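1. Everything below, folded, please.
(one chain, ligands or ions: 2)
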Amino acid sequence: MKDLNLTHITEEVKKIALEAGKFLLAERQHFELDKIEQKGAHDYVSYVDKNSENLIVSRLKSLLPEAGFIAEEGTGSLEEQEFCWVVDPLDGTSNFIHNNAPFCVSIALRNKNEILVGVVYECTRNELFWANKESKSYMNGKEITVSQQSNMDQAFIELGFPYNAEGYRTFVLKMIEDLYGHVGCLRLMGSAAAEICYVAAGRFDARIEGFIGPWDIAAGNIILQQAGGKMTDFSGNTDHLDGKEVFASNGRIHNDLLTIIQKHKKHIKA
Ligand code: IPD
Ligand code: CA
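-> Ligands and ions are numbered 1, 2, ... in the order given. This next block holds a predicted model:
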């Protein structure tokens, strides 16, 4: 593998994420609902997502010309490059269009199946999360770590509702039935990338969602790992980066929660 200066790359990616975030916030000032297009059922996009992606992609191309892309709004190549940027130019699109928080920019650099760098900029709270494989995890310059919570009765757990309602509905309803009233609290916020960083920062103890994209989890994955947390699929495997099953936790409640997930996993329709 080519030797990369991860500190330098991380610093540059932080600037790019901040620039894209500034663009999102500026557009939010005058965004109108009639600018929305529909990608799929209840899955929206607008010129804001697309222009943010164009901006990020052009900056990243100058930073590492040999790297490929997997980006939510379509930038990508099927060739197997050694390095690949995994980009969500606006995670939390539904929050953005309804002027709700959080929404963010998420950028990761991947070498084959290993994430090297992750940066997430959550615009509404002006929070920049980052980590690389040689660093700890940080938010606005301060080191972050996962929570110490090991008691399910106290756990603060975040769920996600993916666009694939048909595939996910029964599973998530069974999960809510088992968790609601038996854990500290359940929440739903609407930006997977930001919420995985909230697990890394100890705000949530765990987060569960299926049927999301690689761009929703790539940056969060390394930020969570370097903060002491754990991300697996719904069988407990760590070598998953496609976003089909995403279970992020502080590590301490992982096994207890995994037992419940595994009990209901059969209800997910592929
Ligand atoms: C969505 C958000 C949301 C999650 C959805 C994602 P998008 O991404 O992360 O929290 O529940 O499954 O698709 O469409 O806003 O980039
Ligand atoms: Ca998006």
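
2. contacts, neighbours, all on C-alpha from now
-> Noted.

3. What's the end-to-end length of stretch 259-268?
-> This stretch, stretch 259-268, spans 16 Å end to end (Cα to Cα, to the nearest Å).

4. quick one: average pLDDT of it?
-> Across stretch 259-268, the average pLDDT comes to 97.

5. swap in stretch 186-201?
-> So the average pLDDT for stretch 186-201 ends up being 98.

6. again with stretch 42-51
-> On average, the pLDDT along stretch 42-51 is 92.

7. hmm, who's touching it?
-> For stretch 42-51, contacts defined as Cα atoms under 8 Å, 6 or more residues apart in numbering pick out 24, 27, 35-39, 73, 89-90, 93-94, 163.

8. Keep only those of those that are in strands.
-> If you go by DSSP state E, the contacts of stretch 42-51 have Glu37, Gln38, Lys39, Pro89, Leu90 in strands.

9. and of those, the nearest to ligand 2?
-> Among the ones in strands among the contacts of stretch 42-51, Leu90 lies closest to ligand 2 (Cα to the ion), at 4.3 Å.

10. measure the closest one to Ser62 for me?
-> 21 Å.

11. of these two, who's got more company?
-> Leu90 (30 against 10; other Cα atoms under 10 Å).

12. Around ligand 1, which positions in this protein sit nearby?
-> By Cα under 6 Å from any ligand atom, the part of the chain that sits against ligand 1 consists of 90-94, 160-163, 190-192, 212, 216.

13. Quick check: closest non-adjacent residue to Ile253.
-> Leaving aside its chain neighbours, Ile253 sits nearest to Ser150 (5.2 Å; criterion: Cα to Cα, 6 or more residues apart in numbering).

14. And for that neighbour, the neighbour number?
-> Neighbours of Ser150 using other Cα under 10 Å come to 15.

15. My read is that it contacts Asp256, right?
-> No. Here Ser150 does not reach Asp256: they are 9.2 Å apart, not a contact under Cα atoms under 8 Å.

16. follow-up on the earlier one: format the ones in strands among the contacts of stretch 42-51 as TSV; extra columns: pLDDT.
-> Formatted as TSV, the ones in strands among the contacts of stretch 42-51 follow (pLDDT from 0 to 100):
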residue	pLDDT
Glu37	92
Gln38	91
Lys39	86
Pro89	98
Leu90	98
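
17. Could you pick out the buried ones from those residues?
-> Pro89, Leu90 (16 or more other Cα atoms under 10 Å).
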